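Engineer: Can you look at this prediction? I've put the sequence above it.
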2 protein chains.
Amino acid sequence: MPLTLEEVGKLAGVSRSTVSRVVNGHPSVRDEVRERVWQVIRETGYQPHAAARSLASRRSQVIGVIIPEAVSTLFVDPFFALLLRGITGACNTHGYQLMLSLFDEPADQGETYRRILRSGRMDGVLVASTHMNDPIFPKLLQDSIPFVLVGRHPDPRVNYVDVDNVGGARMAVEHLIRLGHRRIATITGTLNMASGEDRLAGYCQALEAHRIPVQAALIGEGDFTKSSGTMGMQRLLSASPTAVFAASDVMAMGALKALREASLRVPEDVALVGFDDIPVAAALEPALTTVRQPIDRLGSMAADLLLNLLENAPDARAPAARIILSARLIVRDSCGALH
Amino acid sequence: MPLTLEEVGKLAGVSRSTVSRVVNGHPSVRDEVRERVWQVIRETGYQPHAAARSLASRRSQVIGVIIPEAVSTLFVDPFFALLLRGITGACNTHGYQLMLSLFDEPADQGETYRRILRSGRMDGVLVASTHMNDPIFPKLLQDSIPFVLVGRHPDPRVNYVDVDNVGGARMAVEHLIRLGHRRIATITGTLNMASGEDRLAGYCQALEAHRIPVQAALIGEGDFTKSSGTMGMQRLLSASPTAVFAASDVMAMGALKALREASLRVPEDVALVGFDDIPVAAALEPALTTVRQPIDRLGSMAADLLLNLLENAPDARAPAARIILSARLIVRDSCGALH
DNA sequence: TTCCCCTTTGGGAGCGCTCCCAGACATCTT
DNA sequence: AAGATGTCTGGGAGCGCTCCCAAAGGGGAA
């Protein structure tokens, strides 16, 4: 049975209200009284009751992180772990708590949505959704629940933070061009995800910037899984590319397997570049050249943005914030640059 | 401005109390009335206010997951992602929410502990701590906060779920013995973590069971990081082992690097076995033989156990539950069994 | 018929906090 | 000296729910 404000007040010889003021840092308390109250709080280990506070103040100091169903299968991807680390970092410094929801059941998404988001449990949410047409966005907008998306979104009302997928992909492909490659293939990610689209766009931009025609035969569609990388590569082999840009490291690993099976050496016969810089990329044989995303910054920026929205005047008329973090090319062995 | 019980009641022509009974499935409501109330709830999308509910009922339907500081650096490890997936699965089926806390600041751990655990925000917690002497345990016990530990703990009051690290390690080493190895080295994990200790114990047990003397020269201490695997392997080289059991796949990868640099082939010159079966283990060259833990079952079992504790009579006199899940040897190329 | 009991319903009293208003003084002002 | 400020403090009135008790009404037993 923890103490209440009232009881702390009695111990310190003041009222409930004064203790509340002290706890919340309200200035109009005499120094001497404030000190006495803190003393009691310290001695007793008093801690305000979160539910009571949130009932009375209409805010919970909790934000949610929502990872929709489609993504949660990919949850093992270190991406989410890093993202969560960035998010919790920001939460810790702002004294917020984090509620994690994986939307597992596609069936009654509406029901789950209601239970989780309309119970007043969280002040705002971060959504890590890859599908821009996820039905959650209209709902969040309609309920005017403050939210920030991790990933690009076309709706002008959506606040988001994203990595510069286009620029990252362009860097990767331009690096291959600089190394003299002209027949550069790509294995794309899922094309109805923003990251899949954007990385393909970056590939195309790089080629066009160097007046290299974009050829359908050099574009293999994948879905970010390793096996789609292998299959994509196998299909691309007939076009005999001298270099391949895989839209994710995982797919690059799949491609590597296909190349090995075709007795092609990397980078001697085919140069390979990935995207993501997952932890094993450096440990592969050959070490994978790839594009690194500042994932935990992505998380902390998204959280910062959301907390900002919550703390400062939530001015509905202000335009939505769109933050793009730049990616970085990490040159290793698989592109042949170091030979 | 969401509706309240009172307002739903007015719309349905009944009182607050009746609506509450309907929402909570209390039996003593006339069927006709119940139906009418549900009708209104469905039409209006009414959702009870979590804070009010939790204030009045003294329970929040939220459990916490605490990952202490020492571990959060390793958070990128897919272990935690899988564990979280298991946990959220169990939470979703029981209608609980999950609050995630990474204890980042070792400095004021006491302060953070208080803020997070004594605010009444969660009904119980899962602790993913690797250090058995983590100061959090005495605090949790003293505050009698229901909790379940993921990982072994000697205190008889602690409920825990763990993987059979001893048995897993023994399996791995016995497999090497069966393949004819006698000079089997090990690179240990951090030795004040239960998993580090236990895997070493399994290694020793396997040797002893086959009357092979345990030699200090064949035991290299690591700390679960890749570089400690490399360094450990380098030190062990002078003892010229024919096989190595690394207490984690990540360390096995480090060891692989050291072996390569020493121009030793795996598995021809030295057989190598890891532990964990992280996703890349299969993709390594050679594919790594390792021990697989049922990580997401670990998470779901821990959550189930905790929710059980919360839902059913929290009988303080009942002995703590200790659940051990068995591990499984995954034979691939690096141990030489397939040659 | 009268009484008792059982089912169903309504309302009061909190849960522990925040927010606001008013009161008690002390300090200025004119 | 009297009023006008200003500073600090206490208490009332909720926040939206649960829990309990009591009341209303119906049915059966005596």
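Structural biologist: Looks like it came in fine. Since the model is a prediction, treat every value here as computed from it, not as a measurement.

Engineer: In the stretch 101-250 of chain A, what residue spans correspond to helices?
Structural biologist: A:109-117, A:136-142, A:165-178, A:194-209, A:226-236, A:249-261 (DSSP state H, counting those that start in this stretch).

Engineer: The last one: what's the following helix or strand?
Structural biologist: In other words, helix A:249-261. Heading C-terminal from helix A:249-261, the first helix or strand you meet, by DSSP states H and E, is strand A:271-273.

Engineer: circling back: I'd like the helices of the stretch 101-250 of chain A laid out as a markdown table, including mean pLDDT.
Structural biologist: Listed next are these as a markdown table, based on pLDDT from 0 to 100:
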| stretch | mean pLDDT |
| --- | --- |
| helix A:109-117 | 82 |
| helix A:136-142 | 92 |
| helix A:165-178 | 98 |
| helix A:194-209 | 96 |
| helix A:226-236 | 95 |
| helix A:249-261 | 94 |
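
Engineer: Pretty sure residue A:214 sits against residue A:207.
Structural biologist: Yes. Residue A:214 lies in contact with residue A:207 (CB atoms under 8 Å); the separation is 5.3 Å. The C-beta positions use only the backbone N, C-alpha and C, and glycine is treated the same way.

Engineer: higher neighbour count, these two?
Structural biologist: residue A:207 (22 against 15; other CB atoms under 10 Å in any protein chain shown).

Engineer: residues contacting that one?
Structural biologist: Contacts for residue A:207 (CB atoms under 8 Å, 6 or more residues apart in numbering or on different chains) come out as A:173, A:177, A:184, A:213, A:214.

Engineer: Verify the stated contact: the first one with residue A:206.
Structural biologist: It refers to residue A:173. Yes. Counting by CB under 8 Å, residue A:206 is a contact partner of residue A:173 at 3.6 Å.

Engineer: could I get the helices of the stretch 101-250 of chain A as JSON lines with distance to DNA strand C?
Structural biologist: Formatted as JSON lines, those follow (distance: least, CB to the nearest atom of the strand, whole Å):
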{"stretch": "helix A:109-117", "distance to DNA strand C": "21"}
{"stretch": "helix A:136-142", "distance to DNA strand C": "25"}
{"stretch": "helix A:165-178", "distance to DNA strand C": "41"}
{"stretch": "helix A:194-209", "distance to DNA strand C": "38"}
{"stretch": "helix A:226-236", "distance to DNA strand C": "51"}
{"stretch": "helix A:249-261", "distance to DNA strand C": "47"}
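
Engineer: Tabulate those in JSON lines, adding columns for distance to residue B:29.
Structural biologist: Formatted as JSON lines, those follow (distance: least, CB to CB, whole Å):
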{"stretch": "helix A:109-117", "distance to residue B:29": "22"}
{"stretch": "helix A:136-142", "distance to residue B:29": "30"}
{"stretch": "helix A:165-178", "distance to residue B:29": "54"}
{"stretch": "helix A:194-209", "distance to residue B:29": "48"}
{"stretch": "helix A:226-236", "distance to residue B:29": "53"}
{"stretch": "helix A:249-261", "distance to residue B:29": "53"}
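
Engineer: Of these, which is nearest residue A:271?
Structural biologist: Closest to residue A:271 of the helices of the stretch 101-250 of chain A, according to CB to CB: helix A:165-178, at 6.0 Å.

Engineer: Show me which residues of the closest one are buried.
Structural biologist: Of all the residues in helix A:165-178, those buried under the rule 16 or more other CB atoms under 10 Å in any protein chain shown are A:165-177.

Engineer: and if you look at stretch A:288-307?
Structural biologist: So, applying 16+ other CB under 10 Å, buried residues of stretch A:288-307: A:288-307.

Engineer: Of those, which belong to strands?
Structural biologist: Among those, the members falling in strands (DSSP state E) are A:290, A:291, A:292.

Engineer: where's the spatially closest residue to the second one that is not a sequence neighbour relative to residue A:175, distance?
Structural biologist: Counting by CB to CB, 6 or more residues apart in numbering or on different chains, the nearest residue to residue A:291 once its immediate chain neighbours are dropped is residue A:168, at 4.1 Å. Here the distance between residue A:168 and residue A:175 works out to 11 Å (CB to CB, to the nearest Å).

Engineer: OK, contacts around the residue lying closest to residue A:327 once chain neighbours are set aside?
Structural biologist: Residue nearest to residue A:327 in three dimensions, not counting chain neighbours: residue A:168, with 3.3 Å by CB to CB, 6+ apart. Listed by CB under 8 Å, 6+ apart, the contact partners of residue A:168 are A:199, A:202, A:275, A:291, A:293, A:326, A:327, A:328, A:329.

Engineer: can you tell me which residues contact whichever residue of the stretch 201-339 of chain A sits closest to DNA strand C?
Structural biologist: Residue of the stretch 201-339 of chain A nearest DNA strand C, by CB to the nearest atom of the strand: residue A:311 (13.0 Å). By CB under 8 Å, 6+ apart, the contact list for residue A:311 reads residue A:94.

Engineer: Would you quantify the distance from it to chain B?
Structural biologist: Using CB to the nearest CB, to the nearest Å, residue A:311 is found at 18 Å from chain B.

Engineer: Next one: that residue, what pLDDT does it get?
Structural biologist: Residue A:311 carries a pLDDT value of 89.

Engineer: still on that earlier bit, so how far is residue A:243 from the residue nearest to residue A:327?
Structural biologist: Taking CB to CB, one finds residue A:168 at 16 Å from residue A:243.

Engineer: Residue A:115 too?
Structural biologist: According to CB to CB, residue A:115 and residue A:243 sit 49 Å apart.

Engineer: the more surrounded of those two?
Structural biologist: With neighbours defined as other CB under 10 Å, residue A:115 and residue A:243 compare such that residue A:243 has more, 26 against 18.

Engineer: Can you point out the helix or strand that includes residue A:29?
Structural biologist: Using DSSP H and E, residue A:29 is not contained in any helix or strand.

Engineer: what's around the nearest residue to it once chain neighbours are set aside, how many residues?
Structural biologist: Nearest residue to residue A:29, sequence neighbours excluded (CB to CB, 6+ apart): residue A:21, at 5.1 Å. Taking other CB under 10 Å as the criterion, the count of residues near residue A:21 is 18.
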